[in-house]
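Trainee: Quick one: sequence and predicted model below, then my questions.
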Amino acid sequence: MPPDDDEGPVRLVLLADTHQPRRAKDLPAPVWAAVEAADLVVHAGDWTEEAALDALLARSRALLGVAGNNDGPALHARLPLVAHRRVAGVRLAVVHETGAAAGRERRAARAHPDVDLLVFGHSHIPWDSTADNGSLRLLNPGSPTDRRRQPHATFMTAVAERGAVRDVVLHRLP
């Protein structure tokens with residue numbers, strides 16, 4: 001993983017709500033391929049079991065993750081509720097929940113005033129928006145294992161470079 005103040009580019013994989021092994025015994029092959037190609041994997045919680053965290057730690061170059069509401073005491077002991085990292089000049093934060101969709105950008109901008117990119121999960125609904133202040137981008141990758149009412153299971157990739165986030169792609173899984 002490049003140092004935090006490197007200009008990049010830094011290839012990111014964004015995951016959330018993997019719910020392993022309740023919803024899937026393993027991550028889909030396209031997710032593992034993206035993880036192994038990435039410089040940093042960001043996971044926004046709801047791993048469910050420590051084995052899911054351990055597998056990502058073993059197969060990723062670097063991992064930034066948080067605990068979610070479905071994660072037990074062992075995962076909460078290993079992971080924070082909010083994590084921060086500066087990546088290629090991008091001030092990144094990851095959380096599990098941001099509350100209701102209505103007013104999300106305004107609440108997030110107030111709660112994270114010194115952040116450029118906020119990655120979150122919980123809803124299993126992909127999300128890509130920018131707060132009214134124009135400086136905070138919010139991304140929810142959905143879930144690669146539990147699509148709920150969504151048409152597809154999903155994850156995201158992006159690139160951080162010179163203080164900007166670019167090439168955000170929502171990947172739909174079969």
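Mentor: In hand now; what should we look at?
Trainee: Next, count neighbours for Asn70.
Mentor: 15 (other C-beta atoms under 10 Å). For the C-beta atoms, the positions are set from N, CA and C on the backbone; glycine is no exception.
Trainee: who are the neighbours in contact with it?
Mentor: Neighbouring residues of Asn70 by C-beta atoms under 8 Å, 6 or more residues apart in numbering: His19, Gly45, Asp46, Thr48.
Trainee: Would you mark the buried spots in stretch 55-69?
Mentor: Of all the residues in stretch 55-69, those buried under the rule 16 or more other C-beta atoms under 10 Å are Ala55, Leu56, Ser60, Leu63, Leu64, Gly65, Val66, Ala67, Gly68.
Trainee: Cross these against helices and list the overlap.
Mentor: Ala55, Leu56 (DSSP state H).
Trainee: ok, so of the buried residues of stretch 55-69, who is nearest Asp39?
Mentor: Ser60 (9.0 Å; C-beta to C-beta).
Trainee: Going by distance to Pro144, which of the contacts of Asn70 wins?
Mentor: Nearest to Pro144 among the contacts of Asn70, with distances taken as C-beta to C-beta, is His19, at 9.7 Å.
Trainee: Out of the buried residues of stretch 55-69, list just those in strands.
Mentor: Leu63, Leu64, Gly65 (DSSP state E).
Trainee: Give me the contacts around stretch 44-59.
Mentor: Contacts of stretch 44-59 (C-beta under 8 Å, 6+ apart): 14-23, 26-27, 32, 35-36, 41, 43, 63, 65-71, 74-75, 78-79, 94-96, 119-122, 140-141.
Trainee: Could you rerun that using 7 Å?
Mentor: 16-22, 32, 35-36, 41, 43, 63, 65-71, 74-75, 78, 94-96, 119-121 (C-beta atoms under 7 Å, 6 or more residues apart in numbering).
Trainee: What subset of those residues is buried?
Mentor: By 16+ other C-beta under 10 Å, those give 16-20, 32, 35, 41, 43, 63, 65-68, 71, 75, 94-96, 119-121 as buried.
Trainee: ok, back up a step: adding pLDDT and distance to Pro126, write the buried residues of stretch 55-69 out as JSON lines.
Mentor: Below are the buried residues of stretch 55-69 laid out as JSON lines (pLDDT from 0 to 100; distance: C-beta to C-beta, whole Å):
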{"residue": "Ala55", "pLDDT": "96", "distance to Pro126": "23"}
{"residue": "Leu56", "pLDDT": "97", "distance to Pro126": "20"}
{"residue": "Ser60", "pLDDT": "97", "distance to Pro126": "21"}
{"residue": "Leu63", "pLDDT": "98", "distance to Pro126": "21"}
{"residue": "Leu64", "pLDDT": "98", "distance to Pro126": "19"}
{"residue": "Gly65", "pLDDT": "98", "distance to Pro126": "19"}
{"residue": "Val66", "pLDDT": "98", "distance to Pro126": "18"}
{"residue": "Ala67", "pLDDT": "98", "distance to Pro126": "21"}
{"residue": "Gly68", "pLDDT": "97", "distance to Pro126": "17"}
